[in-house]
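# Give me the fold of what follows.
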Amino acid sequence: MRQARIVLVALGVLGIFLSGYSDSSSLADNSLHSISNQNIPLQEGSAAVADEKEDTGADNILKEYGPLTICADKATYDSNKETLTYYGDVFVMQIHNKHILCKKPKTTKATKTNIVYFTRNKAIPFKELQQQWFEQAKELCADEQECNFISGQKLVMELDKDRKVQTLTMESMDGELSQFYTFPTNSDQAYQKSKKLTKGPLNGVARKIIYNVVKKSLELFEDAVINQNENHYKGREINYDMDHDLVAIPGSKDRRSKIILDGVQSETKIDTGLKPISEYNKNKKVSSGSTVKTSSFDDSENILS
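From the prediction side, this is the model:
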């Protein structure tokens, strides 16, 4: 089938830089949306992705972590709500100096560099495909020392009145979980050897993940888990402040949470200067309704390497 540019009603009016490839003119096939400059008109995908210039203007809220690239099976636009919704096997990658493609084009000019292809194969179970994406994203993030990556089954992009990206909400259904990997900007290069929690890469899962592009924050809801430096956080809701490298678990009487501070190795365990919690009742409740445990993590399947 011929290669065609993706057309979404009113996207041209939005003025967002969108580049698309598909196997037909239908939105039911794989799509690629690369968003870097909020006011560049719709362009042909092959040229736009490879020759794209990042917007470094002061008013570009994406400049810190880089352009957004979204791959999905189909997409719709709601002009009343100012939202773009992506369906199917979805991921969004935010990174500098990389041209992320959802599929390998038939031809690629030798002069085009830093082009990366992510596998999209319906024959592969979603969880397995998601893990492949996760491993590839980790490599790219380590290369650039900064990034944001989220995958799941449905992504809603919220725009403001000026048609600029505000939030990205990823959800997963039917027993699946959304997944994220974040390599914060200005990370502490010695995070693996530090004797305290430092600004290093995080990963985690939840039923729903909200990335606030403006506030630089992540909110995880339902079966939420965050891992950093082999320190693990689990709760119904977990919040992460990227700028300040703070993980917060809201507590209440009917919510239970677990925090395990084991560190990468014994030297990286957190030293509070107090009597170790393990010497007290391991399941002792605190006033917030949360539980702090130093025993082994029960949900090892949610701890990502």
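# bridging residues for residue 208?
residue 171, residue 221 (DSSP bridges).
# which ones are touching it?
Residue 208 sits next to 169, 170, 171, 172, 178, 220, 221, 222 when contact means Cβ atoms under 8 Å, 6 or more residues apart in numbering. The way it works is simple: take the backbone N, C-alpha and C, and place the C-beta from them, glycine included.
# quick one: the strands in the stretch 151-300 of the chain?
Secondary structure of the stretch 151-300 of the chain by DSSP state E, counting those that start in this stretch: the strands cover 165-171, 178-183, 202-206, 208-212, 217-228, 231-241, 246-248, 258-261, 291-292.
# Same list, those strands, but as JSON lines with mean pLDDT and distance to residue 85 please.
Formatted as JSON lines, the strands of the stretch 151-300 of the chain follow (pLDDT from 0 to 100; distance: least, Cβ to Cβ, whole Å):
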{"stretch": "strand 165-171", "mean pLDDT": "97", "distance to residue 85": "9"}
{"stretch": "strand 178-183", "mean pLDDT": "96", "distance to residue 85": "15"}
{"stretch": "strand 202-206", "mean pLDDT": "97", "distance to residue 85": "19"}
{"stretch": "strand 208-212", "mean pLDDT": "98", "distance to residue 85": "14"}
{"stretch": "strand 217-228", "mean pLDDT": "95", "distance to residue 85": "18"}
{"stretch": "strand 231-241", "mean pLDDT": "92", "distance to residue 85": "23"}
{"stretch": "strand 246-248", "mean pLDDT": "90", "distance to residue 85": "28"}
{"stretch": "strand 258-261", "mean pLDDT": "64", "distance to residue 85": "33"}
{"stretch": "strand 291-292", "mean pLDDT": "38", "distance to residue 85": "37"}
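# how about those, which one is nearest residue 124?
When those are compared by Cβ to Cβ, strand 178-183 sits nearest residue 124, at 15.2 Å.
# and the closest one, C-alpha only, in CSV?
Written as CSV, here are the backbone C-alpha positions of strand 178-183 (Å, rounded to 0.1, in the frame of the first residue of the first chain):
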residue,chain,number,x,y,z
SER,A,178,1.6,2.0,31.8
GLN,A,179,5.3,2.3,32.2
PHE,A,180,7.8,5.2,32.4
TYR,A,181,11.5,5.9,32.4
THR,A,182,12.9,9.3,33.3
PHE,A,183,16.5,10.5,33.2
